[in-house]
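Trainee: Here is a sequence together with a model predicted from it:
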Amino acid sequence: MDPMIIMWLGFILAAYSVVGNDVIQTLGTFLASNENKPWYVLWLFAASIMTATLVYGWYQYDGDVSYQRLLGDGGFADPKYVDPREIPGFGWAYVLPPLVLMVITRFGIPVSTSFLILTFFNPKNLENMVIKSMTGYLVAFGTAIVLYIFITKSLEKKFVASPLKEENKTWWTVAQWSSTGFLWTQWLAQDFANIYVYLPRKVDGMTLTISMAILLAMLAYIFYSKGGAIQKIVKAKTNTEDIRSATFIDLSYGIVLYFFKELNNIPMSTTWVFLGLLAGREIALRYNLEKRVPKETLKDLGMDLAKVFFGLAISIALVFLIRFLTI
């Protein structure tokens, strides 16, 4: 198969897999708390930010839209292979990881695209990425515990007990959309690497335009379908459909991602950060509201965490199995 075809087919499949699986971790609360608005309005908001973030990264890093996650100090991919077609054995096997991810996502399992796709390109840096991702989960979990037990205790009780007043809706809408925009930029800077690993490290203007059109089309589909299976994890958590609660979730998630983005260039699993934040928030809220954490809540959070570890195990096993059988 022509390496050019493999390169673009891999990009399209990775884009669909990443958008379908990971985007909901970032925009899930945004979708849940704005279900009364037309999907295309929400898409235009997210699409404009995606376009700006992509173009900025391309300009700022001289064509490297991965924000140096794939090239440079701490970059995941081997710097000597600036074009994936130069990788020895680059063939049809490289399109299998996103295909597997598409299948797993259909079952609502929050698999990390970073582990499944990026590990296939460079297994040597798996350990560093796992360590950073686990650290991200713990930091997000601890941040949520502190935030929701001590800082927003009275606010969240109020949010749960009383609906948002009509005169305050405009202010909270601006606050929530602003926090979502900040979070969305931080997530994109992390996860562009999972998609653009299939294209040359420095893309030209035409490649940028074509790839951006593909991403925006897939993003439109996700908004039209209201999130898909992964969205169920978001909706199962306490009061995530309240625009006020969603504002604090998005802001805290964005701050944690910003911290790790600035820490180093090693890619990480934003899936783990997202679930760590939701888990800490759920425990804190239940404790504040009921002075205890119900067993059902712990069981639910345990299942989410089990899915993460299951996804990690499946990702690693599949990556090495496919590489062993085909490369």
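Mentor: Ah, there it is. Just so it is clear, the structure is predicted and the values come from calculations on it, not from any experiment.

Trainee: which SSE is the residue nearest to Pro294 when sequence neighbours are not counted in?
Mentor: By the measure of Cβ to Cβ, 6 or more residues apart in numbering, the closest residue to Pro294 outside its immediate chain neighbours is Arg286, 6.3 Å from it. (Glycine included, C-beta is placed from N, CA and C.) Assignment of secondary structure by DSSP states H and E places Arg286 within helix 270-290.

Trainee: who does that helix touch, helix- and strand-wise?
Mentor: The contact analysis (3 or more Cβ pairs under 8 Å, 6 or more residues apart in numbering; DSSP states H and E) places helix 270-290 against helix 3-32, helix 126-146, helix 153-161, helix 169-196, helix 231-235, helix 243-263, helix 295-326.

Trainee: between that helix and helix 3-32, how big is the angle?
Mentor: Regarding helix 270-290 and helix 3-32, their directions subtend 10 degrees when assessed with axes from the mean of the first three to the mean of the last three Cα atoms, to 10 degrees.

Trainee: So which bits of helix 270-290 are buried?
Mentor: Along helix 270-290, the positions that meet the burial threshold by neighbour count (16 or more other Cβ atoms under 10 Å) are 270-288.

Trainee: Equivalent analysis for stretch 55-74, please.
Mentor: Neighbour-count burial for stretch 55-74, counted by 16+ other Cβ under 10 Å, picks out Gly57, Trp58, Tyr61, Gly63, Asp64, Val65, Ser66, Tyr67, Gln68, Arg69, Leu70, Leu71.

Trainee: From the residues you listed, which land in helices?
Mentor: Gly57, Trp58 (DSSP state H).

Trainee: Test my guess that Trp43 contacts Ala220.
Mentor: Yes: with contact taken as Cβ atoms under 8 Å, Trp43 and Ala220 are classed as touching, separated by 5.2 Å.

Trainee: list residues touching both of the two?
Mentor: With contacts taken as Cβ atoms under 8 Å, 6 or more residues apart in numbering, not a single residue reaches both Trp43 and Ala220.

Trainee: residues contacting Thr180?
Mentor: With contact set as Cβ under 8 Å, 6+ apart, Thr180 has these partners: Leu27, Thr29, Phe30, Ala246, Asp250.
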